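Engineer: With the input below, show me the fold.
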Amino acid sequence: MATARLKAFGPGPGPDYDPAIPAPRSAARVERGRIRHLSEHLARLRVSSSIQGQDLEWIESLASEVEAWVKLKSRGPVEVLRLRVLGSRVWALLEPLPATPHPYLVKALPHPLKQGHPFAPHKGLLGLWSTPALEAAHAAGAADALLFWPDGTLVETAIASIALEVEGELWLPPSEGRVASLAERLDLPEWAGPRPRRVRAFNLKDLEAGQLWCFNAVRGVWPGTLL
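Structural biologist: This is a model prediction of the structure:
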């Protein structure tokens, strides 16, 4: 298969771009023109596309072209590279890193998806699934929505994965029903250091015993505070 050419690959979406359309997507951190974990982000796009029935075995061969474009266009010390698959094309946008408020207030809200949704690990396939919860959190004065299942167990935020630190141990929610986090797999171990990590369900009451941490591939790891 010939390598697909990139369309709308530059500082701004193409005319056929609609953020509400469900499509494979991933966001990477760029540090002084260097993309963190680019190969893993491209692999995520390939896997998400395969769920839609698309075979994008060529996508990881675009890494050098993406890297060259980012180095040419990068202007800040830390930026965000947003990648999205549109049919057989890859679209990209380079933008400033969003500010992370301190304190980072989170509003507890029901998860907008049904527990066990098959697209849960690749929520780009669900379009703007988190927008209503995020808007409700903003209306309440919070920066983000802390999402929970009907049984009260916490899952993730609208933009990040979560962990609860209790007495030097990091608790991670069960993976079922939440985004497959690259930050959890690639960045959290280095940040956590010797602190043990284990999968353990926890709820809002448990937050009283420890520190909530939020993390994603763009912003890194930061503390969250329940509103």
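Engineer: what comes up buried for stretch 145-153?
Structural biologist: By neighbour count on 16 or more other Cβ atoms under 10 Å, the buried set for stretch 145-153 is 145, 146, 147, 148, 149, 153. Quick note: C-beta positions are derived from backbone N, CA and C, even for glycine.
Engineer: Please apply the same query to stretch 100-118.
Structural biologist: In stretch 100-118, counting by 16+ other Cβ under 10 Å, buried: 104, 105, 106, 107, 108, 109, 111, 112, 113, 117.
Engineer: Can you name every helix or strand that the helix or strand bottoming out on mean pLDDT in the chain contacts?
Structural biologist: The helix or strand of the chain with the poorest confidence is strand 89-96; it has a mean of 86 (mean pLDDT, DSSP states H and E). With contacts taken as 3 or more Cβ pairs under 8 Å, 6 or more residues apart in numbering; DSSP states H and E, strand 89-96 sits against helix 63-73, strand 78-86.
Engineer: got the buried residues for the longest one?
Structural biologist: For helix 63-73, the neighbour count (16+ other Cβ under 10 Å) marks 66, 69, 70 as buried.
Engineer: for the shortest one, same thing?
Structural biologist: Residues 79, 80, 81, 82, 83, 84, 85, 86 are the ones in strand 78-86 that count as buried (16+ other Cβ under 10 Å).
Engineer: List the pairing partners of it within its sheet, with orientation.
Structural biologist: Strand pairing for strand 78-86, using DSSP bridges, gives strand 25-31 (antiparallel), strand 89-96 (antiparallel).
Engineer: separation between residue 19 and residue 70?
Structural biologist: To residue 70, residue 19 is 21 Å away according to Cβ to Cβ, to the nearest Å.
Engineer: quick one, strands of this structure?
Structural biologist: 25-31, 34-35, 78-86, 89-96, 105-110, 144-148, 154-157, 161-166, 169-172, 197-199, 211-216, 220-226 (DSSP state E).
Engineer: Show residues contacting the longest one.
Structural biologist: Pointing back at strand 78-86 there. 7-8, 14, 16-17, 23-32, 35, 41-42, 45, 48-49, 54, 56, 59, 66, 70, 90-98, 124, 218 (Cβ atoms under 8 Å, 6 or more residues apart in numbering).
Engineer: same question, the first one
Structural biologist: Residues outside strand 25-31 that contact it (Cβ under 8 Å, 6+ apart): 35-38, 41-42, 44-45, 48, 70, 74, 77-85, 94, 97, 124, 182, 216-220.
Engineer: There's contact between residue 216 and residue 158 in this structure, I believe.
Structural biologist: No: counting by Cβ atoms under 8 Å, residue 216 sits too far from residue 158 to count as a contact (10.7 Å).
Engineer: Would you mind telling me which of these two has more residues around it?
Structural biologist: Set side by side, residue 216 and residue 158 show more neighbours around residue 158, with 25 against 21, by other Cβ atoms under 10 Å.
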